[in-house]
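Peer 1: sharing a sequence plus its predicted fold:
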Amino acid sequence: MSTAGPTSVTRVAIVYYSGTGNIHKLATAAAEAAEKAGAQARLRRVPEYVNESLAPEFTEWTEAWSENAEAMKDVPTAGIDDLDWADVVLLGAPGRFGLIAAPLKHFIDLAWPLNARRGLANKVMSSFTSTGAPHGGQEATILSLNNVFYHWGAIIVPPGITDDIQTAPSNGNPYGVSSVSGRQAIPGRLAENVTEDNLAAIAYQTRRMVEIATALRQGFAMTSLE
């Protein structure tokens with residue numbers, strides 16, 4: 001984590017994988033919230049990672065993936081340098097069988113050289129997810145990302161139940177914002193199940209991370225002067 005200087009701002013990397021738009025919508029809201037909180041934000045997407053010979057042939061999903069890819073085409077692709085640059089890292093991915101989706105896991109695996117030189121230690125980190133059903137493994141997915149953060153030596157900052165928005169009917173996960181996408185991705189109606197409360201919750205989670213990271217940076221700066 002960088003130390004706070006007189007003109008420096010907290011740097012936030014929102015790195016996400018989105019198959020059908022739900023995570024993309026949440027990630028975009030997070031980036032906007034970070035900038036409103038006075039931070040510098042990088043919104044970065046992880047590309048699709050599919051072997052077409054193994055992918056199921058569901059027409060509606062193929063159309064939804066293509067539509068979402070078009071919507072995200074102007075979002076820069078994530079690089080490990082984005083993790084190195086950031087004071088705050090917010091990762092997002094759909095939950096797949098209680099685990100994070102494979103594209104984000106592949107990206108995380110590529111970060112091992114940065115981790116080996118302790119380049120991820122002391123950064124503020126958290127995560128968010130989306131699943132097809134309310135009990136589709138949301139907490140397990142976020143806990144699987146927390147395991148990564150433990151190895152990196154990061155400082156995990158969950159939203160907790162520390163704001164009224166967390167008790168809204170479509171929210172409530174103290175581990176990280178979780179939305180319910182529904183079991184079908186309908187072309188032309190992507191991400192319509194991401195509620196306004198979900199968007200307010202990811203904005204709160206982001207602000208909380210920025211506030212804590214900024215305080216930590218200031219503390220590190222004071223320590224370095226002693």
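Peer 2: Structure received.
Peer 1: pLDDT weak spots in this structure?
Peer 2: 2-7, 50-61, 184-188, 224-226 (pLDDT under 70).
Peer 1: could you rerun that using 80?
Peer 2: For the chain, the stretches flagged by pLDDT under 80 are 1-7, 49-62, 182-190, 220-226.
Peer 1: any chance you could map the helices in it?
Peer 2: Under the criterion DSSP state H, the chain contains helices at 22-36, 59-71, 80-85, 102-109, 112-116, 138-152, 196-225.
Peer 1: which one of these is the most hemmed in?
Peer 2: Comparing the helices of the chain by mean neighbour count (mean count of other Cβ atoms under 10 Å), helix 22-36 comes out on top with a mean of 23. Where you see a C-beta, it was placed from the backbone N, CA and C, and this is true even at glycine.
Peer 1: circling back: export the helices of the chain as CSV, with columns for distance to residue 132.
Peer 2: Converted to CSV, the helices of the chain look like this (distance: least, Cβ to Cβ, whole Å):
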stretch, distance to residue 132
helix 22-36, 10
helix 59-71, 12
helix 80-85, 28
helix 102-109, 16
helix 112-116, 31
helix 138-152, 10
helix 196-225, 15
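Peer 1: of all those helices, which one is nearest residue 181?
Peer 2: Nearest to residue 181, of all the helices of the chain, is helix 22-36, at 4.4 Å by Cβ to Cβ.
Peer 1: now the closest one and helix 196-225, what's the angle there?
Peer 2: 50 degrees (axes from the mean of the first three to the mean of the last three Cα atoms, to 10 degrees).
Peer 1: could you give the angle of helix 22-36 to helix 59-71?
Peer 2: Helix 22-36 and helix 59-71 are oriented at 20 degrees to each other (the same axes, to 10 degrees).
Peer 1: what helices and strands are in contact with helix 22-36?
Peer 2: If contacts are counted by 3 or more Cβ pairs under 8 Å, 6 or more residues apart in numbering; DSSP states H and E, helix 22-36 sits against strand 11-16, strand 40-45, strand 88-96, strand 124-131, helix 196-225.
Peer 1: okay, now the sheet partners of the third one, with direction.
Peer 2: Same thing as strand 88-96. When sheet partners are counted by DSSP bridges, strand 88-96 sits next to strand 11-16 (parallel), strand 99-100 (antiparallel), strand 124-131 (parallel).
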